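**Q** quick one: sequence and predicted model below, then my questions.
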Amino acid sequence: MREFFRQNASASGHKFVPNRWDLFAILLVFSLLVLLALAAKQMSAPYQLGQPIAISLSPSHLPSYALQSVLRMFIALFFSLLFTFTVGTLAAKNKHAEKVLIPILDILQSIPVMGFLSITVVGFIALFPGSLWGAQCASIFAIFTAQVWNMVFSFYQSMRTLPTELREAADMFHLSAWQRFWRVEVPFAMPGLLWNMMLSMSGSWFFVVASEAVTVNNQTITLPGIGSYIAVAISQRDMHGILLTVLTMFAVILLYDQLLFRPLIKWSERFRLEQSTVAQTKNSWIGNLFHRTFLMKYVGIFLSYLGDKWINIKAFRYQPTSHQKHLPALWNNVFLVVWYLALFLTLSYMAYFLWHFVGSTVTPSELRHVLMLGVYTACRVFAIVLISTLIWVPLGVWIGLRTRIAEIVQPIAQFLAAFPANLLFPFIVILIVHYNLNVNIWTTPLMLLGTQWYILFNVIAGASALPKDLRQVTDNLGVKGWLWWRKLILPGIFPYYVTGAITAAGNAWNTSTVAEVVTWGNTTLRADGLGAFIMHSSAMGNFSQLALGIGVMALFVVTFNRILWRPLYNLAQRKYQLD
């Protein structure tokens, strides 16, 4: 370590003395750390089950509530990244794990946030008796379930569509699996993963009300945060509080966009698959600030040095084939037999438990009723995916091919994607009641708010990742119009679109629990659908009906994924790689 600093200091000809830009950067970093520490302290306050937590609508409490909500989101984002790198990699590289993990992910992304909360909140509270951390962990876990699925599918898609030349380059340099992961696979997946991280943060806002103000078994647990603030403002018909919430959300989204995502987008440009020069996005002000520092710049160099040491750790380096040890074929077969047998027994026990738990209380007529509710929600889901595709694919391509436009659209799209549907409930309820509208039709646009962005963000990522070489070739050959779309754009963005469509459909099922029940003060309107059934069962504490609703929703999602989305996914991996 000492030699590292000595070499860098001698190379620059300066001592490690901070300049005036360092003072601004250090002040900024420490301010953020202090704010996070204050939020963490507030999140660990003493708490007893059943104790009411007062939520004030005073504007002075909004900064503290926003800080706590954002901290929950970033904690969930950290675990989402960890889950993505492990599960996404395992599913992409091991065909036996893929056969199990992908259907499980299909099922899990179809389980509503309320379902996860109902199942886990009691367990988390039991883990932390006398502390608010139990409810905090339940909320963070719920946010995690709203973030992680599109990130996993994006990373999995990138791993499966890795260009052949990158694989060959990794083989030529004799990279180990560990080095290949960090040097080749993660950089290639980074542009698409980064857009999905931004989308995950925006999706967190959509479900923040459900994660911070949850009613289970006729008992409400509220956590200080913007979500609970929105819930109280809606229950009290406080339009002033709702307006303040929108302004606070806009300020918070703008801040973490400037401090985190804008520098990350600039950093991810180095991972574009390009042979020619490409238009660069302008540097963010935070990037310019740290670039002008002296001491903080060397802190970054030191962190990069530690990262290189971690990637090239001796235990994970490439070993010659003669020294590699492989399991004998017999033991490998035994392991696979044990794996599938354990999986079969586990699934059999879960199916038996679910059938015994639900079948003892649910009648055949009720089962038929819930299946019909699933059909209603399925019609809404596919209508929304179709509308989102027709609107956002051409616009997403237009934005993704224009770097400067993407810079402007990015924070706007993040804010719109983060806009909770709950804030539109007053207007929807007033319109439906005043004009006597059909609640089954006019609550559907609320599902569109949380769904369309998965397609837009993935299409933008796909269009941005198109190599400029291919675009220049089509320009030189005069390829235009529908031929340009058919030969360049649609094949280029197809893997990204399928990822966006899968996660959009899964999110639409999840969003139905919020969108099919609208409340404003004492007025509550329910549409006919599976989401409204699940919300009602959760609020009443009827866990057999809740399990039935979640099971039927998972059945619909897995069925459509197997019939429609998975074949399209396989087509994207087989035919539309950048080779």
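**A** Done, it's in. Computed from a prediction, not measured in an experiment: that's the story for all the values here. Residues are numbered from 1 along each chain as shown.

**Q** contacts only, for Q545.
**A** Applying CB atoms under 8 Å, 6 or more residues apart in numbering to Q545 gives the contacts 361-362, 366, 533, 537. C-beta coordinates here come from the backbone N, C-alpha and C atoms, glycine included.

**Q** doesn't it lie inside a strand?
**A** No: counting by DSSP: H, G, I helix; E, B strand; the rest coil, Q545 is not found in a strand; it is helix.

**Q** so for it, what's the pLDDT?
**A** Looking at Q545, its pLDDT stands at 83.

**Q** N333: which element?
**A** Secondary structure from DSSP states H and E places N333 in helix 329-359.

**Q** what about T164, neighbour count?
**A** T164 is flanked by 10 other residues according to other CB atoms under 10 Å.

**Q** same deal with A66?
**A** A total of 20 residues lie near A66 under the criterion other CB under 10 Å.

**Q** hey, where'd the strands end up in the stretch 351-500 of the chain?
**A** Taking DSSP state E, counting those that start in this stretch, the stretch 351-500 of the chain contains no strands at all.

**Q** before we move on, the earlier item: how distant is the helix holding N333 from the center of its chain?
**A** Remark: helix 329-359 is offset 29 Å from the chain centroid, using CA atoms, centre = their mean, to the nearest Å.

**Q** re the thing from before, what's the farthest-apart pair in the contacts of Q545?
**A** For these, the farthest-apart pair by CB to CB is T361 and F533; their separation is 14.8 Å.

**Q** who's more crowded, those two?
**A** Between T361 and F533, F533 has the larger neighbour count (other CB under 10 Å), namely 26 against 13.

**Q** where does that one fall, phi/psi-wise?
**A** Backbone torsions of F533, given as degrees, to the nearest 10, read phi -60, psi -40.

**Q** what about it, distance to E366?
**A** In this structure, F533 and E366 are 10 Å apart, going by CB to CB, to the nearest Å.

**Q** not counting residues beside it along the chain, what's closest to Y496?
**A** In this structure, Y496 finds its nearest non-sequential neighbour in G462, 3.0 Å apart by CB to CB, 6 or more residues apart in numbering.

**Q** my error: substitute V208 in the last question.
**A** Using CB to CB, 6+ apart, the nearest residue to V208 is G227, at 3.7 Å.

**Q** surely the one you found is in a strand?
**A** No: secondary structure of G227 (three-state DSSP): helix, not part of a strand.

**Q** I figured it hits E212, correct?
**A** Yes: using CB atoms under 8 Å, G227 is in contact with E212, at 3.4 Å.

**Q** shared neighbours of those two, anything?
**A** Jointly contacting G227 and E212 under the rule CB under 8 Å, 6+ apart are S69.

**Q** contacting residues around L371?
**A** Contacts for L371 (CB under 8 Å, 6+ apart) come out as V552.

**Q** distance of it from S69?
**A** 37 Å.

**Q** would you mind confirming that N19 makes contact with F290?
**A** No: applying CB under 8 Å as the test, N19 and F290 come out as separate, 12.0 Å apart.

**Q** of the two, which one has the most company?
**A** More crowded of N19 and F290, by other CB under 10 Å: F290, with 20 against 15.

**Q** run through the neighbouring helices and strands of the helix holding N333.
**A** Under the contact criterion of 3 or more CB pairs under 8 Å, 6 or more residues apart in numbering; DSSP states H and E, helix 329-359 touches helix 95-110, helix 543-560.

**Q** mind giving me JSON lines with those and columns for distance to D469?
**A** Below are those laid out as JSON lines (distance: least, CB to CB, whole Å):
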{"stretch": "helix 95-110", "distance to D469": "32"}
{"stretch": "helix 543-560", "distance to D469": "37"}
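
**Q** just give me the lowest mean pLDDT stretch among the ones you listed.
**A** helix 95-110 (a mean of 80).

**Q** for that one, packing partners?
**A** With contacts taken as 3+ CB pairs under 8 Å, 6+ apart, helix 95-110 sits against helix 89-93, helix 133-160, helix 329-359, helix 490-515, helix 543-560.

**Q** in the protein, which helix has the most residues?
**A** Taking DSSP state H as the criterion, the chain has its longest helix at helix 364-400.

**Q** how far away is L193 from F353?
**A** Computed as CB to CB, the L193 to F353 distance reads 36 Å.

**Q** L255 too?
**A** Relative to F353, L255 is positioned 46 Å away (CB to CB).

**Q** same deal with R237?
**A** Look at R237 and F353: by CB to CB, they are 43 Å apart.

**Q** likewise for N458?
**A** Distance from N458 to F353, by CB to CB: 37 Å.

**Q** these two: who's more crowded?
**A** Per other CB under 10 Å, whichever of N458 and F353 has more neighbours is N458, with 33 against 11.
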